[in-house]
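S.K.: Requesting a structural model of the entry that follows:
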Amino acid sequence: MLPKEAVQEFKQIYFRKFGEELNDREATEKANRVYELHEALFDYLLEESQKVVNQHESASINK
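M.R.: Got it, this is the predicted structure:
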């Protein structure tokens, strides 16, 4: 769960972007969903980049 300060910052960003004020519950839910999505994408990209590095290293060793 994100800290309260992060949720408050999310509320400000959301309002600037969409012109809609969120209550604390809505902001907490949305902010945590965004965080979880970001975390999942980051983990996926990290795994994929590690595969590329491993393939490159294997190709270099086998030369």
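S.K.: residue nearest the centroid of the chain?
M.R.: For the chain, the residue whose C-alpha lies nearest the mean C-alpha position (Cα atoms, centre = their mean) is His38; its distance is 1.6 Å.
S.K.: Could you pull up the mean pLDDT of the helix or strand where that one lies?
M.R.: Assigning secondary structure by DSSP states H and E places His38 in helix 24-61. Per-region confidence: helix 24-61 scores 94 on mean pLDDT.
S.K.: going forward can the numbers begin at 553, since that is how I track them
M.R.: Okay, residue one is now 553; in that scheme the one you just asked about reads as helix 576-613.
S.K.: just checking, what packs against it?
M.R.: Contact here means 3 or more Cβ pairs under 8 Å, 6 or more residues apart in numbering; DSSP states H and E; on that basis helix 576-613 packs against helix 556-570. Every C-beta, even on glycine, is put in place using the N, C-alpha and C of the backbone.
S.K.: Please point out which parts of the helix it packs on sit buried.
M.R.: Across helix 556-570, burial judged by 16 or more other Cβ atoms under 10 Å covers Val559, Phe562, Lys563, Tyr566.
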